[in-house]
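Sequence first, then the predicted structure:
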Amino acid sequence: MIVYLNGSFIPHSEAKISVDDRGFLFADGVYEVAKIYEGRVFLFEQHLRRLRAGLTELRMNTDVVDGIPAITERLLDENDLRGGDATVYIQVTRGAAPRAHAFPPADTPQTVLIAVKPFKGHPASYYTEGVGAITVPDVRWSRCDIKSISLLPNVLANQQAKENGAFEALFIRDSNVIEGSHANLFGVLDGKLVTCPASGHILNGITRQLVLQRAPEAGIPVYEEFIPEARFNEVTELFLTGTTTEIMPVTRVDGKPVGAGVPGQITKQLQQLFKTWVEENLAASATSGHGAAL
Ligand code: PLP
């Protein structure tokens with residue numbers, strides 16, 4: 001595969017970064033992952049907006065963002081990924097400089113990696129039968145809204161899920177079940193579809209925002225409300241949203257069934273709607289040349 005690193009398009013095996021890179025030393029950077037359906041990047045503008053916001057929060061220059069669509073297009077062509085599903089991974093760090101916590105000189109070049117790869121997808125049964133999850137205490141920092149490359153708590157939580165035969169770990173913070181280690185969480189409580197408020201120490205997922213915006217059009221109102229841990233056993237449906245996760249039912253948590261233990265009606269309806277949203281977006285981007293807005 002050909003990747004883009006700091007201005008060059010090079011084979012993956014030749015892509016090297018400095019041992020002084022602040023991403024390596026301090027996790028001083030941000031990243032994005034966007035999905036490519038049939039060779040077209042889905043909701044790229046939204047992902048790039050979030051990347052720009054993250055860079056701004058880290059007080060890093062955002063100029064890099066403008067060039068990303070053209071670089072991604074070239075990578076898709078060079079890697080022959082126009083046909084099927086793929087992902088694009090983008091990482092920007094504060095660059096390489098002798099190790100010191102405070103920022104290096106402002107003219108230190110950022111490290112910019114952009115890589116595309118085919119996306120094999122999850123087994124179909126994950127979507128039709130649902131997956132298992134575990135709950136874990138949220139030991140992350142208070143800026144989970146930034147898509148930081150510092151993902152150690154997410155890594156540890158996800159590993160714990162895998163070791164327990166589950167797909168995802170759900171973080172509990174301040175007695176609420178707020179999101180997964182790599183996906184947002186929606187639940188049906190008192191017959192209402194709810195998801196943690198964006199201000200509630202979560203990553204404001206692009207897929208989450210799509211559901212919030214478009215589900216009501218289809219007669220499914222969504223409320224940004226906490227799911228209290230104390231009422232978690234009353235939740236009748238649960239699903240994850242994410243760029244690569246899409247809309248995935250969670251049918252068991254900590255070994256106990258969610259509702260009837262099968263994907264619920266609202267979840268299944270949203271899974272169908274999600275397909276139409278992708279198709280609409282593809283049709284719109286075929287005429288405009290790039291991804292349509294939400
Ligand atoms: N929450 C966390 C912690 C994530 O890491 C992710 C995706 O990586 C999400 C939520 C889902 O966000 P998106 O829909 O933008 O992929």
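Yes, it's here. The structure displayed is predicted, hence computed values, not measured ones.

CA atoms for contacts and neighbours, from now on please.
Will do.

what sits up against the helix or strand containing residue 266?
Using DSSP states H and E, the secondary-structure element containing residue 266 is helix 265-288. The set of residues external to helix 265-288 that reach it, using C-alpha atoms under 8 Å, 6 or more residues apart in numbering, is 37, 40, 42, 215, 220, 237-239, 246-249, 290-292.

10 Å instead, please
Residues from elsewhere that reach helix 265-288 (C-alpha atoms under 10 Å, 6 or more residues apart in numbering): 36-43, 127-128, 186-188, 191-193, 207, 210-211, 214-215, 218, 220, 237-240, 246-250, 289-294.

Which of the three states applies to residue 133?
Under DSSP: H, G, I helix; E, B strand; the rest coil, the three-state class of residue 133 is strand.

and what of residue 71?
At residue 71 the chain is in helix, as set by three-state DSSP.

thinking it is in contact with residue 6, fair?
No - counting by C-alpha atoms under 10 Å, no contact exists between residue 71 and residue 6, whose distance comes to 11.2 Å.

and the protein, which of its residues are near the ligand?
180-184, 203, 205-208, 241-243 (C-alpha under 6 Å from any ligand atom).

Need these in CSV (columns: neighbour count and distance to residue 118).
Below are the residues of the chain next to the ligand laid out as CSV (neighbours: other C-alpha atoms under 10 Å; distance: C-alpha to C-alpha, whole Å):
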residue, neighbour count, distance to residue 118
180, 27, 24
181, 22, 22
182, 22, 19
183, 26, 20
184, 25, 23
203, 21, 25
205, 22, 22
206, 21, 20
207, 22, 20
208, 23, 23
241, 24, 20
242, 20, 17
243, 22, 14
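
Out of these, list just those in helices.
In this view, those that belong to helices under DSSP state H are 206-208.

related to what we said a few turns ago, now the helix holding residue 266: average pLDDT?
Model confidence over helix 265-288 averages 92 on the pLDDT scale.

Check stretch 98-110 too.
Averaging pLDDT along stretch 98-110 gives 98.

And residue 150, how close does it get to the ligand?
Using C-alpha to the nearest ligand atom, to the nearest Å, we find residue 150 at a distance of 11 Å from the ligand.

could you list every residue that touches that residue?
Taking C-alpha under 10 Å, 6+ apart as the definition of contact, the neighbours of residue 150 are 23-24, 26-31, 140-141.

Need the buried ones from those selected in PyMOL.
One line in PyMOL is enough to select the buried members of the contacts of residue 150, burial here meaning 16 or more other C-alpha atoms under 10 Å:
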select buried, resi 23+24+26+27+28+29+30+31+140
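
Turn the contacts of residue 150 into TSV, columns for pLDDT and secondary structure.
Shown next, in TSV, are the contacts of residue 150 (pLDDT from 0 to 100; DSSP: H, G, I helix; E, B strand; the rest coil):
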residue	pLDDT	secondary structure
23	98	helix
24	98	helix
26	98	helix
27	98	coil
28	98	coil
29	98	strand
30	98	strand
31	98	strand
140	98	coil
141	97	coil
